[in-house]
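> Next comes the sequence, and after it the predicted model I'd like to discuss.
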Amino acid sequence: MKILAILGIWFIGHFALAAEPTTTQDELTEASCSFMLSRGADNSSFVHVPGLTVLHSTSSQPQLNVELDPGVSLEGVVCWRSSAEIGPNDDWVARAGVPLYVKKDGDEPDSPTLVLELTEPGYRVRIVSGPELSSEQAERTVSLIDTFNKRR
């Protein structure tokens with residue numbers, strides 16, 4: 001399967017190594033990210049993309065343009081982080097029309113899985129699975145959605 005990022009995975013990886021994450025949650029880190037690809041309704045898979053990071057500064061945001069083989073579609077980007085929380089620059093993925101799923105790294109069954117999406121009225125975050133966010137996490141998420149909508 002051919003996956004060719006227009007800016008190149010090397011380009012993304014280069015910035016990922018050079019850029020410090022600019023998060024309000026200083027402890028938030030990203031372990032890895034993958035593409036969620038599908039080939040029809042019954043065939044989907046995760047494809048790890050070495051060097052792909054979403055948790056980075058705005059100055060290093062590459063454009064998310066991906067060329068895929070015919071019949072293959074990019075259904076989302078999935079990132080595993082130290083906490084299942086949205087970061088301050090995550091809107092660059094959703095702005096490209098691709099949902100961003102954020103999961104806690106590890107196998108904790110009581111951790112939420114979030115999805116950031118761009119809808120007609122604006123950005124939204126949904127809990128796909130797991131418990132509700134704490135009040136502090138919910139406040140940070142609402143503040144980030146406000147910021148994303150202002151940048152839109």
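Sure, I can see it.

> Residue 111 and residue 151: what is the separation?
28 Å (C-beta to C-beta, to the nearest Å). For every residue, glycine as well, the C-beta is placed using N, CA and C.

> ok, these two, which is more surrounded?
residue 111 (15 against 12; other C-beta atoms under 10 Å).

> Can you report phi and psi for the more buried one?
The phi/psi pair for residue 111 (degrees, to the nearest 10) reads phi -100, psi 140.

> farthest residue from the center of the chain?
Computed with C-alpha atoms, centre = their mean, the residue of the chain farthest from its C-alpha average is residue 70, at 23.8 Å.

> In three-state terms, how would that residue be classified?
With DSSP: H, G, I helix; E, B strand; the rest coil as the basis, residue 70 sits in coil.

> List the contacts of it.
Contact partners of residue 70, counting by C-beta atoms under 8 Å, 6 or more residues apart in numbering, are absent.

> who touches the spatially most central residue of the chain in this structure?
Residue closest to the average C-alpha location in the chain (C-alpha atoms, centre = their mean): residue 100, at 3.7 Å. Residues near residue 100 by C-beta under 8 Å, 6+ apart: 54, 76-79, 90, 93-94, 115-117.
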